[in-house]
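Q: Show me the folded form of this:
(chains A, B, C and D)
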4 protein chains.
Amino acid sequence: MVQFGTAGIRGPVASDVTPSVALAVGGAVGRLAVDESATDRPEIVIGRDGRLTGSALAAAVEAGVAAAGARPIRVGQLPTPTLAFASRGRYGIMLTASHNPPADNGIKCFADGQEFDDDREARIETAVAAGESVAAFDEWGETHRAEPLADYRSAVVTYVTSHHDDAGDPCADLRVAVDCGNGMAALATPQVLRSLGAGVVALNANVDGTFPGRPSKPTPETLGDLQEFVAAGAFDLGIAHDGDADRIVILDSDGEIVHEDTVVAMLAGYYTRRAVADSDTAAENHADAADATAADPVVVTTPNASGRIDEIVADAGGRVERVRLGALHEGIAAAERDGGEVVFAAEPWKHIHPAFGGWIDGVASAALIARLAATRGLVDLREPITERPYRKISVDCPEAAKSPAMAILESSLPEAFSEATVSLDHGVRLSLPDGSWLLVRPSGTEPYIRLYAESESVDSLVETATERIEAAVDDASSATTATAD
Amino acid sequence: MVQFGTAGIRGPVASDVTPSVALAVGGAVGRLAVDESATDRPEIVIGRDGRLTGSALAAAVEAGVAAAGARPIRVGQLPTPTLAFASRGRYGIMLTASHNPPADNGIKCFADGQEFDDDREARIETAVAAGESVAAFDEWGETHRAEPLADYRSAVVTYVTSHHDDAGDPCADLRVAVDCGNGMAALATPQVLRSLGAGVVALNANVDGTFPGRPSKPTPETLGDLQEFVAAGAFDLGIAHDGDADRIVILDSDGEIVHEDTVVAMLAGYYTRRAVADSDTAAENHADAADATAADPVVVTTPNASGRIDEIVADAGGRVERVRLGALHEGIAAAERDGGEVVFAAEPWKHIHPAFGGWIDGVASAALIARLAATRGLVDLREPITERPYRKISVDCPEAAKSPAMAILESSLPEAFSEATVSLDHGVRLSLPDGSWLLVRPSGTEPYIRLYAESESVDSLVETATERIEAAVDDASSATTATAD
Amino acid sequence: MVQFGTAGIRGPVASDVTPSVALAVGGAVGRLAVDESATDRPEIVIGRDGRLTGSALAAAVEAGVAAAGARPIRVGQLPTPTLAFASRGRYGIMLTASHNPPADNGIKCFADGQEFDDDREARIETAVAAGESVAAFDEWGETHRAEPLADYRSAVVTYVTSHHDDAGDPCADLRVAVDCGNGMAALATPQVLRSLGAGVVALNANVDGTFPGRPSKPTPETLGDLQEFVAAGAFDLGIAHDGDADRIVILDSDGEIVHEDTVVAMLAGYYTRRAVADSDTAAENHADAADATAADPVVVTTPNASGRIDEIVADAGGRVERVRLGALHEGIAAAERDGGEVVFAAEPWKHIHPAFGGWIDGVASAALIARLAATRGLVDLREPITERPYRKISVDCPEAAKSPAMAILESSLPEAFSEATVSLDHGVRLSLPDGSWLLVRPSGTEPYIRLYAESESVDSLVETATERIEAAVDDASSATTATAD
Amino acid sequence: MVQFGTAGIRGPVASDVTPSVALAVGGAVGRLAVDESATDRPEIVIGRDGRLTGSALAAAVEAGVAAAGARPIRVGQLPTPTLAFASRGRYGIMLTASHNPPADNGIKCFADGQEFDDDREARIETAVAAGESVAAFDEWGETHRAEPLADYRSAVVTYVTSHHDDAGDPCADLRVAVDCGNGMAALATPQVLRSLGAGVVALNANVDGTFPGRPSKPTPETLGDLQEFVAAGAFDLGIAHDGDADRIVILDSDGEIVHEDTVVAMLAGYYTRRAVADSDTAAENHADAADATAADPVVVTTPNASGRIDEIVADAGGRVERVRLGALHEGIAAAERDGGEVVFAAEPWKHIHPAFGGWIDGVASAALIARLAATRGLVDLREPITERPYRKISVDCPEAAKSPAMAILESSLPEAFSEATVSLDHGVRLSLPDGSWLLVRPSGTEPYIRLYAESESVDSLVETATERIEAAVDDASSATTATAD
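A: Numbering: from 1, shown residues only, chains lettered A, B, ... in the order given. This next block holds a predicted model:
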């Protein structure tokens, strides 16, 4: 059974992501591409991260794709954003388990630069479940090879250079330490930063699927070496990526990790200000034009992302829309249908730069942040962003009680915080006038109701909210039990 | 269910030799190699013929091999004998359906230059039946590439040149037309013959897995173009191969196909004479040496091969051993255990040159026959071989009656031909003093007893034998029915 | 010293086209591309034919290109038209000596699908003469690889299919023998014809840079095997190519070679009729439209091409323009500047199909002729074309006398054939009302005045013209000598 | 003009190591290989380091090699020791400028695992000077590819594991920081150390021919980042390489650089003790055997290498032989001719491990030092080595006076240090009983006499020696001037 989670298909190669699973998924994607395409032998770009199992799984995917009547284009090891870039105008399959342990691997599917949406993922699941099915022997595809890395790196450099108005290198005089985590970032981030003029020292840039330097997920616990190195040396910035370089962590010049929501806020603020300024310039140039419309810059993010993003975006003249985790591209599409101009979209650690491409791209983030830091300094960029104390709490709640408890909380929480603005789109999210916020939602996988809260007085906020949650769970459990009786 | 037949695994890619079958067989061979080998990551050379499905199936095999902990060495398109050559000192897997139609494909497995024996094949079948099983993630193999064709062609040229005592090109002044049948021979036979000095014109040397020029199996029915071409032009020799170049057909300068048994006889006679001559030379050089042993050259062939082989080998001072179809390498091993020097082994159309390598090699045959024809002429070579009229008859026989009927025939046929020498190893085979022979054996797949006969008076021979077969079938059927009652 | 002739740079690898020449030319083309291009690292596609020296020379070209700051794209062995196709939107360098002997090689340069014009060739010669010069070390290009063959074959199939109005395969029921001459045609013509539905048997389709099957130049002297093969078999058509597949020769079903001018006339007539018909259809659809312009289909050819081309084109409603040998693309450009629609351009054996691409393309010719033959039959296609007896005569003439003799002939020949239309653009060319024509021009390399004539009464035509030429040479020689005194 | 220095051919690509130089050297090595080899198409492995100019220069070398009639085997980017390893049994050419700046490149030639000796280098120089010369067109080589890295890394791991007697990983519990300097070490040292069980964090392991992380030559001035990193973190060992990984620098756990002579002494002592111990063991096992010979372990080094090496080797029961810089392999050969068993050979930073292979190998050194540090600790290894204060002085001396001055010093210096042992093989080298030593020799490229001295009382030693040198230069200059008058 193959099933897509929020991160595609992912798990141990010994049980979940075996060669036969890769073969089946390759076949299903191949058939989908053949069905959707007008041309013979639609192209499917197949890439992989540095895991030891990537070469074999990519071969299995290739076999499935070719036997389905599509043309496999093998592109070897590269970052996930590079695979997305290379999938524009065709399809793509990436073998990666992102920051999972080395014994895992995974499969991500792309069409025209974007991860498969729910509909396509469901079709793949159905097709895999239906069993092996091949094209007529004379329709099988023939494997080609391509090398998109150089073009991708150039594209990032060109994009970020367009965010630099003056002469000279966009990152001149900036000194950056990059921890590639033995992953795919080693093939792109240091090179891009150097092309932009930065002085770059790379840590763990030897690609090694066993992740000998540090665990692949960049966290305060795993970035000790980088923190020490940045603190000991004369660096303006530290950057860390996960195994496939979609995710990014930023360190300041003291080696301290900048909070992921603050990084999102920095970029969200920058993009919004820029869009508004561009719109103003346009308005000046066409002062009397009837068609001059006001800018409506939108930042898309997820419910668990901090209110500090909302604050800075609002200050800059834009607005924030939220969408569930793992669905940023759907959020972008929705906001654009509503007439907004999506200038940035992000979950914590994962950023989409719509003007560059519709995929999560840690390399582009690294380059743009370096560019901004080179002119204004990281301190300046963070200065307008308010970071408040933060808590994440789990309250026990049986599975059956989750739904009725949440129903109760939809009214009881707003009652408790009567001054708050309420959103019920993704759980219950309350925003208070002083910039505090809290989010309550049921865990998707464990017997908990989760509470996220950020406030200068976070303890009292959490206390009040926890009481209400516990009360709601109690009421819901009784009711459930009663019904069951 | 994967099962090896006499020609390995073979069948339609839509049902029998699918990517998942290729993946499973690759995995099974990989595990076998890991089990048998002292070294880490034993190497498995993976090749394929020109079929449109070969690239995808080879990728599937590669995935299985790598995930099992072996190192796949991809070698692309090449003749089966080249893959066998490249598998010396390691393992090999060839994707080929030989001369089957284009919608088929197949898998042949090699260890150290020889096709898998029954034992290894049974282990593969068992392992495939046991289901998917992969090595620990850090033991998976990494794919390499190699290009053995140039070395193989050189090796054939060197081998055949050693059969040429004079100065000058071994095939000088010989003009040959080669019909490659759009198969792998296109990569080896014309090049080897040219290196030996022959003038070569190739037909159907564009590799094309749909076999547009002619069906892949070279027979009198499919070789019309070549026959016309040789007849119309000034050629000394015509050569045709099947899709993977293990099989060879020879045409004389009139475009007539030389009978496959005659081709075997020509080579068998040549090798035997040479061995005896070498032995004599050695004896002369060490006239008084105690260790001078008499030559015992052996030719291994199959029951259905003509008695003309026996005649010419005997004339030359050697002997013939027979082994069942598809088991030449086992016959070689048995003969060597008995102290014989196997100088040649062949089924009709398929030749092993033991001094070159333990695999069926149509390219080496092409080169050696061209070499012999260049000196002595094809006419001379055929001259000592007696071709007698030949018949192949099928007598109806229910499955249940086959065994008792054959038991009856083991005595009734020798009675009918009292002057014959009798062999009961593979059915009933009778050799008469005048060179006539007949073979009676049950079909393995159809409800027949087969009769093969070759004789100047073949009609009367067949008449007598058919009577005895029909009588035996009748008796056996009655007995069987009686028992069944 | 590197100099471009009408066929680019060509000669023995031992003296003229050595690795250092290839390196120098690669460098010069690289620098030209860098100078002309806005982008960094402009791409230069590097291909080669099947010659044994091609791999090394391509590596030398690659080195020059990369060191000049351009990006080499290696594409391996392919037909020259495929290289031209792959050079669209970028640059291309082809290592080929076309039909020269195997010890030669050569270099052809392309920009955006067209061979370099005189200006670019002169710049290359100058740059090579100026000596080695490399880009700054950090501007050197990195080699990539690409495989354009499959896309090229598809493009030809699509193009020719657009010339087929009915359902079904464009070449259904057509049986074709293709002699690839051991050259690059083996990679394209049989495959394209098969895709179009033809039954194809290929001769000499084993790529071999020693050209073992026949000399690379397809002529009546070298095509004996193919002629015999076509005559002996049931073929509708025979096709032969030179080593790099720009040149094509057509055989009828009897194995007779169709005269190269007749082949040009067939295609010229077809394209002209089609253009006129399309224009008529358009006119009908827009009967009253002011902008409906009459069709002005133009066929571009060379002075030595037969008047039969003019006849059939005129009959079909078009006109012929001539341009010097080796300059078809310049003729196309000139005709287009004059407002003509160039529907076809050809020298004998070499055809440009402008609607497909601006390069000489023997594969496209093969496919289109097969397509036409499948519907109308070759006999039908030739029927309207009048082939008259033809002579080519060389009259002795010292170098110094050539120019004054030609000056005399410009008036004396028109006097002798007063009813003729005269063209003085490329020597003296006379067209007579009965379809006869003659061309007189000085040889570029030998001490001769050449006379070409085609007429039902060719002997008397030649006699008259020869007298005038001899007289002109005598007069010119005397004058020259007198002056010298 | 191509000339080999002590490090092969090396210099700016804009002037000295241009593509045409690379082509010429490739051709010369190709012809040498063809001349020396019995077989057709001798193989020449062609590798390169990570410089931006390496790909183009390797293509030029390939062209030269192939046109000379040898077979180029392209192996891509790899460390110089890996290329040496891959050249065993054939030839090799490495494109590398070692630790030179990025605008340089260079060429090193190998035969059977060893750098070319003077004789072969002279033949290459002569052949290049003689101009371009190619093989007959049908003898040109065809390029193959190979991937020796995995086998090389395995070989190092196997070699070092044989220096580990116990069970478990040879480097278990060792934590190492490796600064790959953006060079080829990134492809081998971290991987080998990890395979041996070490925890490895790599710095500058992104291969980048511009050396963005630090200048390629590892020195106290350039290793600041690594020193800080090692000092800040919990590492047992720091390792740094130059661009092609033949050179190695060792840091202790405090981030301090271990003196290069001390590193040589550590390995020299280890190998000598091991050889003596092995010999003793053998002697015990064959106590009464007549053929039991005493061990004669020899360490080969260069004149500028410290006396601390001699001390520790003598203590361990071996002896030291010196040979001029850049000629270690000749020193090995000479010592072996004298009956010695060369157990180790080294210049400062460059080590040959004869039991592994006859080339300088920084990766093998890294692995063996890590292995020794894992058991005994670096402190223990250094403990027996005496490091004394060291000076290097340059005394002005006109070119013409160098030779007579050295002649004077050959007697005046021994007079000044009457208790010293004197060697006149490479300048004047004095060893004093207290372990002090000094070396006086003329500079090869500048107008100086150089003085190297190491002693607990180095200042007085230098004072005395400098006086004598200045006196000798004065005398020599006067005499020279007098003569000139």
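
Q: what's the pLDDT at A:Ala482?
A: With respect to pLDDT, A:Ala482 has a value of 62.

Q: A:Asp288 now?
A: 57.

Q: Alpha carbons of stretch A:140-159, as CSV, please.
A: The C-alpha trace of stretch A:140-159 is given here as CSV (Å, rounded to 0.1, in the frame of the first residue of the first chain):
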residue,chain,number,x,y,z
TRP,A,140,8.1,2.0,-23.9
GLY,A,141,10.3,5.0,-23.3
GLU,A,142,14.1,5.3,-23.7
THR,A,143,16.1,6.8,-21.0
HIS,A,144,17.9,10.1,-21.5
ARG,A,145,20.2,12.1,-19.2
ALA,A,146,20.3,15.8,-18.4
GLU,A,147,22.3,18.0,-16.1
PRO,A,148,20.1,20.9,-14.8
LEU,A,149,22.3,22.0,-11.9
ALA,A,150,24.3,24.6,-13.7
ASP,A,151,21.2,26.2,-15.2
TYR,A,152,19.4,26.1,-11.8
ARG,A,153,22.3,27.8,-10.0
SER,A,154,22.4,30.5,-12.7
ALA,A,155,18.7,31.0,-12.4
VAL,A,156,19.0,31.6,-8.6
VAL,A,157,21.9,34.0,-9.1
THR,A,158,19.9,35.9,-11.7
TYR,A,159,16.8,36.1,-9.6
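
Q: Report the spatially closest residue to the residue nearest the centre of chain A, excluding sequence-adjacent ones.
A: By Cα atoms, centre = their mean, chain A has its centre lying nearest to A:Lys350, at 3.0 Å. Leaving aside its chain neighbours, A:Lys350 sits nearest to A:Ile360 (4.6 Å; criterion: Cβ to Cβ, 6 or more residues apart in numbering or on different chains). The C-beta positions use only the backbone N, C-alpha and C, and glycine is treated the same way.

Q: The one you found and A:Pro81 touch, don't they?
A: Yes - assessed by Cβ atoms under 8 Å, A:Ile360 is found in contact with A:Pro81 at 6.7 Å.

Q: Which neighbours do these two have in common?
A: A:Asp246 (Cβ atoms under 8 Å, 6 or more residues apart in numbering or on different chains).

Q: Neighbour count for those two, which is higher?
A: Neighbours per residue (other Cβ atoms under 10 Å in any protein chain shown) separate A:Ile360 from A:Pro81, with A:Pro81 holding more: 29 against 26.

Q: Where do the helices of the stretch 1-150 of chain A begin and end?
A: A:19-36, A:54-67, A:80-86, A:118-129, A:149-161 (DSSP state H, counting those that start in this stretch).

Q: Distance of A:Val263 relative to chain B?
A: 32 Å (Cβ to the nearest Cβ, to the nearest Å).

Q: about what we covered before: same list (the helices of the stretch 1-150 of chain A) but as TSV, adding mean pLDDT.
A: Shown next, in TSV, are these (pLDDT from 0 to 100):
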stretch	mean pLDDT
helix A:19-36	97
helix A:54-67	98
helix A:80-86	98
helix A:118-129	94
helix A:149-161	97
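
Q: OK, contacts around the residue lying closest to A:Arg88 once chain neighbours are set aside?
A: Spatial nearest neighbour of A:Arg88, excluding adjacent residues (Cβ to Cβ, 6+ apart): A:Gly113 at 4.4 Å. Contact analysis of A:Gly113 by Cβ under 8 Å, 6+ apart lists A:Ala84, A:Phe85, A:Ser87, A:Arg88, A:Gly357, A:Gly358, A:Trp359.

Q: phi, psi of A:Gly113?
A: Phi and psi for A:Gly113, reported as degrees, to the nearest 10, are phi 90, psi 0.

Q: again with A:Thr96
A: Torsion angles, degrees, to the nearest 10, at A:Thr96: phi -160, psi 140.

Q: And it, how far from A:Asp244?
A: 4 Å (Cβ to Cβ, to the nearest Å).

Q: what sits in contact with each of the two?
A: A:Asp49, A:Thr80, A:Met184.

Q: how many neighbours does the second one have?
A: If I follow you right, that is A:Thr80. Neighbour tally, A:Thr80, other Cβ under 10 Å: 32.

Q: Would you check that it makes contact with A:Lys108?
A: Yes - contact criterion Cβ under 8 Å: A:Thr80 and A:Lys108 qualify, at 6.7 Å.

Q: Could you measure from the residue nearest to A:Lys350 over to B:Gly435?
A: For A:Ile360, the distance to B:Gly435 - Cβ to Cβ - is 81 Å.

Q: Then A:Ala70?
A: Using Cβ to Cβ, one gets 60 Å for the distance from A:Ala70 to B:Gly435.

Q: okay, those two: which has more neighbours?
A: Taking neighbours as other Cβ under 10 Å, A:Ala70 and B:Gly435 compare with A:Ala70 leading, 29 against 16.
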